[in-house]
Every structure is written in structure tokens, then in C-alpha cells.
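**Student:** model this:
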Amino acid sequence: MQVVATSDGLPVEFYIHAGAESEQTGRRGLLLDLPAGSVLYTDAGYTDYLAEDLFNEASGSQQQTARRKDSKRPHHPAQRLLIQYFRKSIETCFSQLTARFPKQIHAVTAAGFALKIALFIFAHTLDQVGL
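**Tutor:** Prediction:
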């Protein structure tokens, strides 16, 4: 599951895909209709320089991806710290979401499974805003 959240940890978009698919495949499934000037912080699994450059040029937003140590495009230390800081909020959001999931989710169809996941995300969002 791919989740886009605000810096406050509120999920605003998600995409469910098969576990065998890469994170980049899941990232391409997101619509990402972000306000101009937004910054999308992603982890190192989303390293795709071409897709990152295209997103930055086409959207008016910016994708900041955490880099591996052997990266061809390493970040400056201050930029690494900033990415790490904002990635913590999405990691916290995702752990709070998965804490709501039961150990098993029974569903007869893929659509039923997706609906249950969407309802867990909706319940989490309502709880985060205090409703």
C-alpha cells in the first residue's frame, strides 16, 4: 500500500497494489494531485531519477527521495536531515494505520479487501482530526 500524507500525518491519498510489485509501480498508481509548490518526501525505494525529474518538471511540485549510500545523486547533509525529519511523520502515520488493522482481514473479493482497507484509513483520518 502506498500512502501520501500531510506533514501532520493525515492520509490524503492511497493506492493498494500487489505485494510482489515494486514501490515505484505503486507510486505510479497514485494520482498525486498536489498543490503547486508541494514537496513529496519518499524513501529510498522510490529512487527513479527519470521519474523524479519528470514529476518535478510536470507538476510544479518537488519529489525529495531519501538516497542510498551508493547513490549517483547524493544529497547534501542538510537536505538529508530535512528528508529524514519529514519522512518520520509518514512512517508514524503508516504505523498508526497498520495498528488499526486486525491480524487477518477476511474478504471474499479484492474489491471487498480494498474497501476494508479504505475504511480503516477513513477511520484513522477521522480519529486524527478529532471526530
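**Student:** count of neighbours near residue 26?
**Tutor:** Residues lying near residue 26 (other CB atoms under 10 Å) number 20. All C-beta atoms are positioned from the backbone trio N, CA, C, and that covers glycine.
**Student:** contacts only, for it.
**Tutor:** 1-2, 15, 17 (CB atoms under 8 Å, 6 or more residues apart in numbering).
**Student:** distance from the chain centre to the lowest-mean-pLDDT helix or strand in the chain, please.
**Tutor:** Every helix and strand in the chain was compared by mean pLDDT, DSSP states H and E; the lowest is helix 23-29, with a mean of 79. Offset of helix 23-29 from its chain centre (CA atoms, centre = their mean, to the nearest Å): 10 Å.
**Student:** residue boundaries of the strands in the chain?
**Tutor:** Listed in chain order, the strands of the chain (DSSP state E) span 2-5, 11-15, 39-42, 62-65.
**Student:** span of stretch 39-53 from start to end?
**Tutor:** One end of stretch 39-53 sits 13 Å from the other (CA to CA, to the nearest Å).
**Student:** what comes up buried for that stretch?
**Tutor:** 40-42, 46-48, 52 (16 or more other CB atoms under 10 Å).
**Student:** if we can go back for a sec, out of the contacts of residue 26, who has the most neighbours?
**Tutor:** Greatest neighbour count in the contacts of residue 26, by other CB under 10 Å, goes to residue 2: 20 neighbours.
**Student:** not counting its own residues, what contacts stretch 117-127?
**Tutor:** Residues from elsewhere that reach stretch 117-127 (CB under 8 Å, 6+ apart): 1, 3, 10-11, 14, 16, 96-97, 100-101, 105.
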